[in-house]
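Sequence first, predicted coordinates after that:
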Amino acid sequence: MGSEQRDTRPFLGLSSVSACDADVIVFPLPFEGTVSYGHGTAAGPAAVLRASQEIEVWDDEIDFSLDSLKYHTSATFTPAEGDTTGTYLVRLFGKSKMLAENDGLLVSIGGEHSITPPLVRGICESKKIAFSDLTVVQFDAHADLRSEYEGMKQSHACAMRPLVENGSRVIGVGIRSVERDEMQYAEESRRVQTFGAQRLADDPERERELCSTLGNLRGNVYLTIDVDVLEVHLCPGTGTPQPGGLSWWQMLRYLRALLHQNPHCNLVGVDIVETVPMLGTQVNEFVSARVLSKVLAYTFNGKSKETSESST
Ligand SMILES: [Mn+2]
């Protein structure tokens, strides 16, 4: 049986163009191989795509129409019969490398957080970006810097570690659940910078520092959003919920600083992970779809294809 399925609705309900013509390539990844606690992230991508049908395509905050962009919603990349975590992630690396050969922004929808390292590796190889020329901005409740977890190096709890070890800089935002070893690793590594949720909430100066850090980043940026970064009422269905998360408005302030107010940020890829749909509520998938729509509006407003074409 093939591992690609076309059972998903196109993002925002807009018609899908071919990958090579798209401004945005949406990549659904229903993978939950290493989940340690709550299950259900495999159902995340389809639910997020379904919820995206209900989202306004006009962004009222910055007067931008998301339907001015061209989208390609890729086939769902599901684990194949007999896939282990290792074989799936290797295949994912190959597939993301292929998709990243297109000019469009690769926007992946998880699935659990272990999908991020192969996605980043695929994009970097395809676009010839050295890891040392990449900053990963990580919105997350957890540091995900463990060297291994439950015997697995590829666990969702280790997602950021290989990126740092390969030479990328990682800026963690909203972190509030860390193990002592991870904290020590973060403190000792000059490539890891952490903006914990508590200080962001309590200290306006710390928030200004974060916005200025994000607003002044230069070069290639990969954005990974673990929805558990948000306060639990916005994502009760995530794998490992943690109280004390970012408010919706904090989230938007930080994304705006990075994507909308920073002209030097070259966004090379985005993922949103750990969305778990729940019976009786659509809040989880709706919030994730809305985060993606804000990311795209902030990223593309003022940077539409027309401007890049007319400047060449
Ligand atoms: Mn995570």
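Cool, got the structure.

Give the other helices and strands that the top helix by length along the chain contacts.
Determined from DSSP state H, the single longest helix within the chain is helix 283-300. For helix 283-300, the elements it packs on are helix 44-52, strand 58-59, strand 105-110, strand 219-226, helix 248-255, strand 265-273, judged by 3 or more C-beta pairs under 8 Å, 6 or more residues apart in numbering; DSSP states H and E. From N, CA and C alone the C-beta is placed, and that goes for glycine too.

Tabulate those in CSV, adding columns for mean neighbour count and mean pLDDT.
Formatted as CSV, the helices and strands packed on helix 283-300 follow (neighbours: other C-beta atoms under 10 Å; pLDDT from 0 to 100):
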stretch, mean neighbour count, mean pLDDT
helix 44-52, 24, 96
strand 58-59, 15, 96
strand 105-110, 26, 98
strand 219-226, 23, 98
helix 248-255, 19, 98
strand 265-273, 24, 98
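
which one of these lies closest to the ion?
strand 219-226 (3.6 Å; C-beta to the ion).

Which residues of the stretch 201-312 of the chain lie near the ion?
Proximity of the stretch 201-312 of the chain to the ion, by C-beta under 5 Å from the ion, involves residues Asp226.

in the stretch 201-312 of the chain, what spans have low per-residue confidence?
Counting by pLDDT under 70, the stretch 201-312 of the chain has low-confidence residues at 302-312.

what residues does the stretch 51-200 of the chain put near the ion?
His113, Asp140, His142, Asp144.

Most neighbours among those residues, which one?
His113 (29 neighbours; other C-beta atoms under 10 Å).

Would you confirm that that residue contacts Asp226?
Yes: if you go by C-beta atoms under 8 Å, His113 and Asp226 touch, sitting 5.5 Å apart.

where do the contact lists of the two overlap?
Jointly contacting His113 and Asp226 under the rule C-beta atoms under 8 Å, 6 or more residues apart in numbering are Asp140, Asp144, Val273, Glu274.

What residues does the closest residue to Ala186 other than its chain neighbours make contact with?
Using C-beta to C-beta, 6 or more residues apart in numbering and skipping the chain neighbours, the partner closest in space to Ala186 is Val192 (4.4 Å). Shown in contact with Val192 (C-beta under 8 Å, 6+ apart): Leu145, Met160, Val164, Arg169, Val170, Gly172, Tyr185, Ala186.

Mind telling me what element the residue lying closest to the first one once chain neighbours are set aside is part of?
By that I understand Leu145. Leaving aside its chain neighbours, Leu145 sits nearest to Glu182 (4.2 Å; criterion: C-beta to C-beta, 6+ apart). Assessed by DSSP states H and E, Glu182 sits inside helix 180-188.

what's the angle between whichever helix or strand comes after that helix and helix 248-255?
Heading C-terminal from helix 180-188, the first helix or strand you meet, by DSSP H and E, is strand 192-196. Interaxial angle, strand 192-196 versus helix 248-255 (axes from the mean of the first three to the mean of the last three C-alpha atoms, to 10 degrees): 150 degrees.

my read: Ala51 touches Leu292, true?
No: Ala51 lies out of contact with Leu292 (C-beta under 8 Å); the separation is 9.9 Å.

so where do the helices sit in the stretch 1-150 of the chain?
For the stretch 1-150 of the chain, helices defined by DSSP state H, counting those that start in this stretch occupy the ranges 44-52, 85-99, 116-126.

possible to save those as TSV with distance to Gly33?
What follows is the helices of the stretch 1-150 of the chain, written out as TSV (distance: least, C-beta to C-beta, whole Å):
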stretch	distance to Gly33
helix 44-52	14
helix 85-99	4
helix 116-126	12
